[in-house]
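*Asks:* predicted model follows, preceded by the sequence.
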Amino acid sequence: MVDNDVPNEPTEETPLLVDGSEPHISQVAANDPKYTNKNIAFALLVYFFHQMYDFLPVTPCLLLYERSICFRYYSEQNPGLIGPGGLVDERHCKIEAVQTRLAIFRGWKPVFSAIPVFLLAIPYGRFADKYGKKRVASLSLIGLLLGEIWAVLVISLPSVFPIEVAWSQSLFSFIGGGDSQAASMIYLIGSDMVEEHQRSKLFYLMYCVYLGTELIGPLIAAATTDISPYIPIGLTLACIITAVGILQLITERIPRLEKNIISRQEPQSSSTGVDDDNSPPQTQSTTAEPVSEGRDDLAMLLKKKNILLILAAFLTPYVRPATMFVLQQYASVRFDWKISRTSLLTSEAAVVNIILYLFIIPQLTSIVRMRFNVTQQTIDMNVVRISFVLLTIGALLVGLATTSNLLIPSVAIFTAGFGVRVSLLASAASLADQKIHARLFGALQIMENIGMLCSFPLTQNMWAAAIRIGPPWLGFPFYVISGIFGVALLCTVFMCNSREQ
């Protein structure tokens, strides 16, 4: 593995050979197109295995959660129903007492998972900006690995641990910052490898990797959980370990740091014996800048209108999965679909987005950029606006749909805007200096997690209210969701294509 932390790392302005020394291997490799392509391929593989962590263990962990709660309940109420190995027949676990406790446990779990994000996203971002994203990504993945092992241990020993102890899994996210921190670092590792006009295409490709795992992960889990829930969980642990291993093969490109310039300039000043008062002004300002670089750069950035509007818009990405949860129940109740059939809506969303972001949008952006000489930043912002338009109109149409034949195209329009998060990330990256990208993405993580904590209870409570009122109001949650995306669209309308605003 190549060391990325050699002091006085050369920049684009410095020669490869200084004072007869050998070239800095890491920097040469990172700038070589052959190495760039290899590193991007590695980054995509790391992202694939990391995203499998999000989808593989969902079904088996749900089964183990239910078993744990069921065992604890019947060990007190009716021990005779507990069979060999401490297992209770699954049909006895569908009672209200068990399912209510399961719902409460799952409802609070994201809250505890969000705590490390709120506390550590920006500090870890500062560390990544200074010492490299690969270190933070590795730490995050190791934290996820240890947390998953601990959670499985807890839920596999219901006679020892109550299910609520599994909430402590989030403590391991203090190692590296957690799941969203790992994803952000992998995005930024790839982003640092490409030019600005190529960043969006890379982000689109990574989004398609995410969609692929969203399709593959649940299928593998469904095929193996009935044999043993520990098979997909074991595969999950193997995926994380594989991701850590591949990550070490990446030659990271770290943005130029000011302190490297200073360390080369200071000896020159002292050797000439020139008084500090007569030294060039730029040297003085450069020397003073790193002292407050970590805080001041981000603080100044957060005062800019564009960044504040993107942060506001970043409250909405988690409305998407929250809406899909309600959509499946909505289709089942309003159109008498079987629960198994509602899963086709998730597949429809994935297929629509893969076609859009793997084929159509990358080709269109290339044509527009080349033929009309439009900057990538302008294209990204327009993709964001169009995505929010589709989300706003699509959610409204879903709520107004009166037949299954109208629901399916309405869902297609709605889900065509699901990639808005990727374009928001690309827009945010283009508005900030590369040396503070990790801190900016940390701020975006915080906003996204606030949105997550609000969106799931909001959509579920709206759906419960709609059910109580009756059929004429079953589409009510989607009218509100349409309004939320409409407000986000309004935020993007006021954005402009300048880093200065």
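*Replies:* Perfect, thanks for sending it. Everything quoted here is computed from the prediction, not taken from an experiment.
*Asks:* low-confidence ranges, the stretch 301-450 of the chain, go.
*Replies:* 339-340 (pLDDT under 70).
*Asks:* next one: the strand or helix carrying L139 to chain centre, how far?
*Replies:* Assigned by DSSP states H and E, L139 belongs to helix 133-156. Taking C-alpha atoms, centre = their mean, to the nearest Å, the mean C-alpha location of helix 133-156 is offset from the chain mean by 16 Å.
*Asks:* state the pLDDT value of I82.
*Replies:* Per-residue pLDDT puts I82 at 86.
*Asks:* just the CA trace of the helix holding L139, in CSV.
*Replies:* The C-alpha atoms that make up helix 133-156 are tabulated as CSV, following Å, rounded to 0.1, in the frame of the first residue of the first chain:
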residue,chain,number,x,y,z
LYS,A,133,-10.6,10.5,3.1
LYS,A,134,-9.3,6.9,2.9
ARG,A,135,-8.4,6.8,6.6
VAL,A,136,-11.9,8.0,7.7
ALA,A,137,-13.6,5.6,5.3
SER,A,138,-11.6,2.7,6.7
LEU,A,139,-12.4,3.7,10.3
SER,A,140,-16.1,4.1,9.4
LEU,A,141,-16.3,0.6,7.8
ILE,A,142,-14.4,-1.0,10.8
GLY,A,143,-16.9,0.7,13.1
LEU,A,144,-19.8,-0.7,11.0
LEU,A,145,-18.2,-4.2,11.2
LEU,A,146,-17.8,-4.1,14.9
GLY,A,147,-21.3,-2.7,15.4
GLU,A,148,-22.9,-5.4,13.3
ILE,A,149,-21.1,-8.2,15.2
TRP,A,150,-22.2,-6.7,18.5
ALA,A,151,-25.9,-6.3,17.4
VAL,A,152,-26.0,-9.9,16.1
LEU,A,153,-24.5,-11.1,19.4
VAL,A,154,-27.2,-9.2,21.4
ILE,A,155,-30.2,-10.4,19.4
SER,A,156,-28.9,-14.0,19.2
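*Asks:* so which elements touch that helix?
*Replies:* helix 33-55, helix 58-77, helix 96-131, helix 179-191, helix 230-247 (3 or more C-beta pairs under 8 Å, 6 or more residues apart in numbering; DSSP states H and E). (C-beta placed from N, C-alpha, C; glycine too.)
*Asks:* what about those helices, which gets the closest to I307?
*Replies:* helix 96-131 (13.7 Å; C-beta to C-beta).
*Asks:* list the buried ones in that closest one?
*Replies:* 98, 101-102, 105, 109, 113-114, 116-117, 120-122, 124-130 (16 or more other C-beta atoms under 10 Å).
*Asks:* list phi and psi for V88.
*Replies:* phi -110, psi 140 (degrees, to the nearest 10).
*Asks:* residues contacting the residue nearest to it when sequence neighbours are not counted?
*Replies:* Closest residue to V88 apart from its sequence neighbours, by C-beta to C-beta, 6 or more residues apart in numbering: C70 at 4.6 Å. C70 makes contacts with 88, 92-93, 98, as judged by C-beta atoms under 8 Å, 6 or more residues apart in numbering.
*Asks:* swap in 6 Å and give it another go.
*Replies:* With contacts defined as C-beta atoms under 6 Å, 6 or more residues apart in numbering, the neighbours of C70 are 88, 93, 98.
*Asks:* hmm, M185 is touching A137, no?
*Replies:* Yes: in this structure M185 lies within contact range of A137 using C-beta atoms under 6 Å: 3.7 Å.
*Asks:* which outside residues touch stretch 98-116?
*Replies:* 65-66, 69-70, 73, 163, 167, 170, 173-174, 178, 449, 453.
*Asks:* hang on, S200 packs against L425?
*Replies:* No: in this structure S200 lies outside contact range of L425 using C-beta under 6 Å: 9.2 Å.
*Asks:* related to what we said a few turns ago, what about the helix holding L139, average pLDDT?
*Replies:* According to the model, helix 133-156 has a mean pLDDT of 97.
*Asks:* got a list of contacts for it?
*Replies:* For helix 133-156, the surrounding residues in contact (C-beta under 6 Å, 6+ apart) are 64-65, 68, 124, 128, 161, 165-166, 169, 172-173, 175-177, 181-182, 185-186, 188-189, 233, 240, 243-244, 247, 252.
*Asks:* try 7 Å this time
*Replies:* Here helix 133-156 makes contact (C-beta atoms under 7 Å, 6 or more residues apart in numbering) with 50, 53, 64-65, 68, 124, 127-128, 161, 163, 165-166, 169, 172-173, 175-179, 181-182, 185-186, 188-189, 233, 236-237, 240-241, 243-244, 247, 250, 252, 438.
*Asks:* and those residues, which are buried?
*Replies:* Taking 16+ other C-beta under 10 Å as the criterion, what is buried in those is 50, 53, 64-65, 68, 124, 127-128, 161, 163, 165-166, 169, 172-173, 175-179, 181-182, 185-186, 188-189, 233, 236-237, 240, 243-244, 247, 250, 252, 438.
*Asks:* excluding its backbone neighbours, what's nearest L188?
*Replies:* That would be K133: by C-beta to C-beta, 6+ apart, it lies 4.9 Å from L188.
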